[in-house]
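Trainee: Show me how the following folds:
(one chain, ligands or ions: 1)
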Amino acid sequence: IKKIGVLTSGGDAPGMNAAIRAVVRACAYYNVECIGIYRGYQGMIEGDFKEMGPRTVKNIINKGGTILKSARSKDFMTTEGRLQAYNHLKESGVDALVVIGGDGTFTGAEIFNNEFQFPIIGIPGTIDNDIYGTSHTLGYDTALNTVVEAIDKIRDTANSHNRLFFVEVMGRDAGHIALNAGIGGGAEEILIPEENLGLDRLVESLRKSKDSGKTSSIVVVAEGDKIGKNVFELKDYVEENMPDYDVRVSVLGHMQRGGAPSCFDRVLASRLGVKAVEVLLEGKTNYMVGLLADKVVLTPLEQAIKGQSRVDAELVKVSDIISI
Ligand code: F6P
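Mentor: Below is the predicted model of the structure:
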């Protein structure tokens, strides 16, 4: 392998820049050329490439977002799009890829590899942490800290006004952010896509809390929660059933995807970036590099996409016990 292309795709996540930096510098260390591909697979289709060297990635380890930009490419879902992308890679002499992203990114990588036998290694980058084969995806730790900080602030005002707050956090299909930031932020209840608590139990639990002397409460809701009501409908339901409650909603939104990566995410990105290059140079393909029990490990891309990244039942129990 003489030239490795690197791209970021899907929802951005803090730590992606640190991973790009690690890939570029590992390439330089092992005397391989490196090409940055802009806007994920879309830039691959359009040939939006730039040569990268150790100095082109200076001062980015601490930056959120991705200097290579990101996109969710519809064109890459078509055979013509992928053929165009392949031709651009060939013209530029790129003979292997490191793709940084989530399950959509890995699905694209799998298809592309099957069609063109193109060597690819994936680095898990998404704040959702919904990838099998790694305890942490890039950006997850930073997002948790961002959410906890936001909940702490909301708690101050909730407490002053004796209010109940529904705080909506990201996680379309996964409750990792909600569950962990909910525990860390001392939430009363946590609603996640993996479990259906039920509206009646929610109201009952809030009533119990009130009776036990709680004057304010925070309920953390993952955007894809199973109850199937959005956070504003939840507010209406609780207000109807508990007219004595003063309820407010706070949707944290995309601020959860920004900001300087935590030290954990920077170190993780650096480890995974170096490993991705090393693995390609060893002739391996179609793997994701991830972290399990603090060791960098490989998981076949197919498994990373299809395997279930489950929320930990112990965490659910802990959250129930400590919110009594
Ligand atoms: O996958 C990461 C994520 O932030 C999800 O939590 C969220 O549902 C989605 O991306 C939002 O996507 P977009 O930025 O395209 O609206």
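Trainee: and Asp173, helix, strand or coil?
Mentor: The three-state assignment at Asp173 reads coil, by DSSP: H, G, I helix; E, B strand; the rest coil.
Trainee: Give me the pLDDT value at it.
Mentor: pLDDT, Asp173: 88.
Trainee: Return the distance of it relative to Cys27.
Mentor: Here the criterion is Cβ to Cβ, to the nearest Å. By it, Asp173 lies 34 Å from Cys27. Where C-beta positions appear, they are placed from N, C-alpha and C, glycine not excepted.
Trainee: likewise Thr66?
Mentor: 17 Å.
Trainee: ok, now His254?
Mentor: Going from His254 to Cys27 by Cβ to Cβ gives 31 Å.
Trainee: the more surrounded of the two?
Mentor: Cys27 (26 against 10; other Cβ atoms under 10 Å).
Trainee: what about that one, helix or strand, and which?
Mentor: Per DSSP states H and E: Cys27 is located in helix 16-29.
Trainee: ok, so what distance separates Glu278 from Leu272?
Mentor: Per Cβ to Cβ, Glu278 is found 11 Å from Leu272.
Trainee: Oh, that last question was meant for Ser212, not what I typed.
Mentor: As judged by Cβ to Cβ, Ser212 and Leu272 stand 45 Å apart.
Trainee: ditto for Asp128
Mentor: Here the criterion is Cβ to Cβ. By it, Asp128 lies 17 Å from Leu272.
Trainee: Who has more neighbours out of these two?
Mentor: Set Asp128 next to Leu272 and count neighbours by other Cβ under 10 Å: Leu272 wins out with 30 against 27.
Trainee: Following the chain past the helix or strand where the more buried one lies, name the next helix or strand.
Mentor: Here Leu272, judged by DSSP H and E, is contained in helix 263-281. Once the chain leaves helix 263-281, the next helix or strand it forms, by DSSP H and E, is strand 287-292.
Trainee: which helices and strands does that following strand pack with?
Mentor: Here strand 287-292 touches strand 120-124, helix 263-281, strand 295-300, helix 301-306, going by 3 or more Cβ pairs under 8 Å, 6 or more residues apart in numbering; DSSP states H and E.
Trainee: Can you tell me which of the ones you listed is packed in deepest?
Mentor: Comparing those by mean neighbour count (mean count of other Cβ atoms under 10 Å), strand 120-124 ranks first with a mean of 29.
Trainee: Next, the angle from that one to strand 287-292.
Mentor: Strand 120-124 and strand 287-292 are oriented at 30 degrees to each other (axes from the mean of the first three to the mean of the last three Cα atoms, to 10 degrees).
Trainee: Could you confirm whether any residue of strand 120-124 contacts the ligand?
Mentor: No. Judged by Cβ under 6 Å from any ligand atom, strand 120-124 makes no contact with the ligand; its nearest approach is 11.5 Å.
Trainee: Please write out the alpha-carbon positions of that strand in CSV.
Mentor: Taking C-alpha atoms only, strand 120-124 is exported to CSV below (Å, rounded to 0.1, in the frame of the first residue of the first chain):
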residue,chain,number,x,y,z
ILE,A,120,-10.8,-0.3,4.0
ILE,A,121,-10.6,0.1,7.8
GLY,A,122,-13.2,1.8,9.8
ILE,A,123,-12.8,4.0,12.9
PRO,A,124,-16.0,4.4,15.0
